[in-house]
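Student: Sequence and computational prediction follow.
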Protein chains: 2
Amino acid sequence: MSVPLYQAKAEMFRTLGHPVRIRVLELLQNGPRPVRDLLAEIDVEASNLSQQLAVLRRAGIVTSFRDGTLVMYALSTTDVADLLAAGRRILGAVLTDRDGLLVELRAQK
Amino acid sequence: MSVPLYQAKAEMFRTLGHPVRIRVLELLQNGPRPVRDLLAEIDVEASNLSQQLAVLRRAGIVTSFRDGTLVMYALSTTDVADLLAAGRRILGAVLTDRDGLLVELRAQK
DNA sequence: TTCGAAGCTGCAGAAATCTTCAACTCCCTC
DNA sequence: GAGGGAGTTGAAGATTTCTGCAGCTTCGAA
């Protein structure tokens, strides 16, 4: 497997590694949305949101198009939903483990 | 949904956002491996690999245990394989799109 | 008990990423 | 065609992450 491929994969994941960007992707799972909607739900400055959207756009994870006065964003592929779901599962497993340890720790005392 | 949850998800993905860490996880998909094996395959300094393994350990994505003179690492949950697979699919979709554009661009000239 | 192999950790300089501000573009509507 | 709403962009300072070095611990063998 070529070395740059790991680079590409890592960049893919890193692109998702930001709370605002995760939030955007979760909102876009329900279909295309205008920036103004995202802005209304995400509590971040407009310019900051734009920056994060640009990161997702450059990575090819979302696409954007203008609809009259609004700019719409959409997931570029539905596979993104799978990725987020897999992430949730891992987080669940990890947190369960930790809670398990926590319980164990308490019982131990 | 609680705000810190986005933080946790983002951290999860960011943890995967490094070429060496991706490489490690892919190698661990085939079962537990000693550090020396990883080191033999990954072309990185030992201390650097240790740092990256520590990142994965802290995130709860891998676990480690000592086996005599060696330290073994393993995935903490098999869900990680799903995540990597989903990542590969997205990368495939994105690159295909780009190649499509590239072809289009050439045809256009 | 001393030595070497296998890893880990602390740290510091280098590099990448974040956030915010100011300025800018586009497209309606009047 | 002037004004304003909706977003984007560029840049700079602040923060975070990465990398490599030096030194340390642990375990097994001699």
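Tutor: Sure thing, it's come through. Just so it is clear, the model here is predicted, and its values are computed rather than measured.

Student: Quick test: name the residue nearest the centre of chain A.
Tutor: For chain A, the residue sitting closest to the mean C-alpha position, by CA atoms, centre = their mean, is A:Ile22 at 2.4 Å.

Student: thinking in terms of the whole chain, how far from its middle is the helix or strand where A:Val55 lies?
Tutor: Here A:Val55 sits within helix A:46-58, counting by DSSP states H and E. Mean-position distance between helix A:46-58 and its chain equals 12 Å (CA atoms, centre = their mean, to the nearest Å).

Student: so, in contact with DNA strand C or not, the following helix or strand past it?
Tutor: Per DSSP H and E, the first helix or strand lying C-terminal to helix A:46-58 is strand A:62-67. Yes - Strand A:62-67 is in contact with DNA strand C by CB under 7 Å from any atom of the strand, via A:Arg66. Where C-beta positions appear, they are placed from N, C-alpha and C, glycine not excepted.

Student: ok, A:Pro34 - contacts?
Tutor: Applying CB atoms under 8 Å, 6 or more residues apart in numbering or on different chains, we find A:Pro34 in contact with A:Asp67, A:Leu70, A:Val71, A:Met72, A:Tyr73.

Student: From A:Leu49, how far out is it?
Tutor: Per CB to CB, to the nearest Å, A:Pro34 is found 12 Å from A:Leu49.

Student: do the same with A:Phe65
Tutor: 17 Å.

Student: what about these two, which has more around it?
Tutor: A:Leu49 (19 against 10; other CB atoms under 10 Å in any protein chain shown).

Student: Tell me where chain A is predicted with low confidence.
Tutor: A:1-3, A:99-109 (pLDDT under 70).

Student: got the residues of it near chain B?
Tutor: A:6-19, A:21-23, A:59-61, A:76-77, A:79-80, A:82-84, A:86-91, A:93-95, A:97-98 (CB under 8 Å from any CB of the partner chain).

Student: ok, now with 7 Å
Tutor: A:6-10, A:12-14, A:16-19, A:22-23, A:60, A:76-77, A:79-80, A:82-83, A:86-87, A:89-91, A:93-94, A:97-98 (CB under 7 Å from any CB of the partner chain).

Student: What parts of chain A come near DNA strand C?
Tutor: Checking chain A against DNA strand C by CB under 7 Å from any atom of the strand, the hits are A:14, A:17-18, A:20, A:44-45, A:47-48, A:51-52, A:55, A:66, A:68-69.
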